[in-house]
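Asker: Fold the following.
(one chain, ligands or ions: 2)
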Amino acid sequence: MWAGCGIPSVDDMQITSTELGLAARVHQLTKTYGSGAGEVRALDGVTVGIRRGEFTAIMGPSGSGKSTLMHIMAGLDAPSTGRAWIGDTEITGLSDLELTILRRRRVGFVFQAFNLVPTLDALGNILLPFDLDGRRPSALEKARIDGLIESLGLGARLRHRPHELSGGQQQRVAIARALATAPDLVFADEPTGNLDSRSGREVLALLRTASAEHGQSIAMVTHDPVAASHADRVLFLGDGRIVADKPRQSAEEISAYMLANELDARVRA
Ligand SMILES: Nc1ncnc2c1ncn2[C@@H]1O[C@H](COP(=O)(O)OP(=O)(O)OP(=O)(O)O)[C@@H](O)[C@H]1O
Ligand SMILES: [Mg+2]
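Answerer: Ligands and ions are numbered 1, 2, ... in the order given. Predicted coordinates for the structure are as follows:
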């Protein structure tokens with residue numbers, strides 16, 4: 001009834017993710033796999049936002065729902081119930097094509113299992129996001145990619161295909177690919193899991209720079225308290241729920257919290 005009267009409608013007044021300073025958010029997410037006796041509830045009512053320009057670590061025992069949450073936040077998987085947004089765009093309900101385009105332009109993802117294309121060499125994999133978007137990197141983008149290749153120590157491996165690379169090298173190619181287009185939002189699922197401590201530090205420094213200097217929003221799953229201590233914020237998942245949301249912590253504080261709350265998979269096992 002107010003349409004055209006110059007009085008904002010409820011839709012106009014809705015608070016958007018941008019106003020909240022959120023690069024991505026989810027509301028009341030649940031995800032169940034299987035049915036009947038075999039049903040697994042991977043996520044159980046998760047409401048959380050990833051703040052713009054922040055580096056967020058996501059921790060929790062094996063099977064607590066970390067990868068599932070990241071896949072849904074990135075639009076790679078659909079929730080059973082609940083809603084998800086990237087910036088102001090609600091992604092639950094977008095068509096596959098719309099989602100693919102949005103993801104390609106705005107989201108970088110480092111998969112837990114790397115997901116490199118076996119027939120492409122390392123450079124081909126790193127440049128894949130540009131190929132999929134039907135364009136070539138600009139001079140500026142080329143310079144950034146060269147910088148990534150150098151910091152990740154991949155210069156001598158660019159012509160190797162994934163099966164000719166070690167696990168840690170494949171992981172670094174996956175990281176370079178996720179950062180190549182400088183996406184607003186980067187999800188990294190255990191990006192340091194297969195790396196020695198020096199390469200791990202390089203990767204953490206890259207992610208830190210991406211958020212602190214380039215304003216990119218980073219969400220990183222890790223089991224490593226030292227890796228999580230590089231983040232501005234640490235979210236803890238347990239049994240498909242967010243059980244704690246803490247500001248920057250030292251590695252010692254994170255370890256102590258995990259031990260006290262039995263959130264360390266090694267302690268539980
Ligand atoms: N495709 C699937 N089909 C059935 N169950 C699944 C599937 N994917 C995940 N699950 C289950 O959902 C739960 C959460 O899995 P998820 O991969 O999100 O855990 P995670 O926290 O990432 O664990 P990890 O630290 O081992 O990577 C687990 O119990 C898992 O077995
Ligand atoms: Mg996982």
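Asker: make it CA atoms for all contacts and neighbour counts henceforth
Answerer: Fine.
Asker: Can you give me the buried ones in the longest helix along the chain?
Answerer: Determined from DSSP state H, the single longest helix within the chain is helix 197-212. Across helix 197-212, burial judged by 16 or more other Cα atoms under 10 Å covers 199, 200, 201, 202, 203, 204, 206, 207, 208, 210, 211.
Asker: May I see those residues organised as CSV, with pLDDT and distance to residue 180 added?
Answerer: CSV is the format used below for those (pLDDT from 0 to 100; distance: Cα to Cα, whole Å):
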residue, pLDDT, distance to residue 180
199, 89, 18
200, 92, 18
201, 91, 19
202, 89, 16
203, 92, 14
204, 94, 16
206, 92, 12
207, 94, 12
208, 93, 15
210, 92, 11
211, 93, 14
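Asker: Export these as TSV, with columns for distance to residue 98.
Answerer: Listed next are the buried residues of helix 197-212 as TSV, based on distance: Cα to Cα, whole Å:
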residue	distance to residue 98
199	36
200	34
201	36
202	34
203	31
204	31
206	29
207	27
208	30
210	26
211	26
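Asker: how about residue 65, what does it touch?
Answerer: 42, 43, 237, 238, 239, 240 (Cα atoms under 8 Å, 6 or more residues apart in numbering).
Asker: who wins for neighbours among these?
Answerer: residue 43 (26 neighbours; other Cα atoms under 10 Å).
Asker: measure the residue nearest to residue 192 when sequence neighbours are not counted to residue 129 for me?
Answerer: Excluding the flanking residues, the one nearest residue 192 by Cα to Cα, 6 or more residues apart in numbering is residue 200, at 5.1 Å. Per Cα to Cα, to the nearest Å, residue 200 is found 24 Å from residue 129.
Asker: Residue ranges in the stretch 1-150 of the chain under the pLDDT threshold?
Answerer: Flagging of the stretch 1-150 of the chain using pLDDT under 70 yields the residue ranges 1-20.
Asker: rerun that using 50 as the cut-off
Answerer: 1-14 (pLDDT under 50).
Asker: where do the helices sit along it?
Answerer: Under the criterion DSSP state H, counting those that start in this stretch, the stretch 1-150 of the chain contains helices at 10-13, 66-73, 96-106, 122-132, 139-151.
Asker: Quick one: closest of those to ligand 1.
Answerer: Closest approach to ligand 1 among the helices of the stretch 1-150 of the chain is made by helix 66-73 (3.7 Å; Cα to the nearest ligand atom).
Asker: Near residue 75, how many other residues are there?
Answerer: With other Cα under 10 Å as criterion, residue 75 counts 23.
Asker: do the same with residue 177
Answerer: Neighbour count of residue 177, defined by other Cα under 10 Å: 27.
Asker: Could you tell me which of the contacts of residue 65 belong to strands?
Answerer: 42, 43, 237, 238 (DSSP state E).
Asker: circling back to that earlier point, so the residue nearest to residue 192 makes contact with residue 206?
Answerer: No: in this structure, residue 200 is not within contact of residue 206 by Cα atoms under 8 Å, at 9.9 Å.
Asker: residues shared between the contacts of those two?
Answerer: Residues touching both residue 200 and residue 206 (Cα under 8 Å, 6+ apart): there are none.
Asker: And residue 95, how far from ligand 1?
Answerer: 21 Å (Cα to the nearest ligand atom, to the nearest Å).
Asker: How about the residues of the stretch 1-150 of the chain by ligand 1?
Answerer: Counting by Cα under 6 Å from any ligand atom, the stretch 1-150 of the chain comes close to ligand 1 at 33, 42, 61, 62, 63, 64, 65, 66, 67, 68.
Asker: Would you agree the fifth one is in contact with residue 239?
Answerer: The one in question is residue 63. Yes: contact status for residue 63 versus residue 239: in contact at 7.5 Å, counting by Cα under 8 Å.
Asker: which residues do the two both contact?
Answerer: With Cα under 8 Å, 6+ apart as the test, residue 63 and residue 239 both reach residue 42.
Asker: Can you lay out the buried residues of helix 197-212 as CSV showing distance to ligand 1?
Answerer: Below are these laid out as CSV (distance: Cα to the nearest ligand atom, whole Å):
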residue, distance to ligand 1
199, 21
200, 18
201, 20
202, 22
203, 19
204, 19
206, 22
207, 20
208, 22
210, 23
211, 23
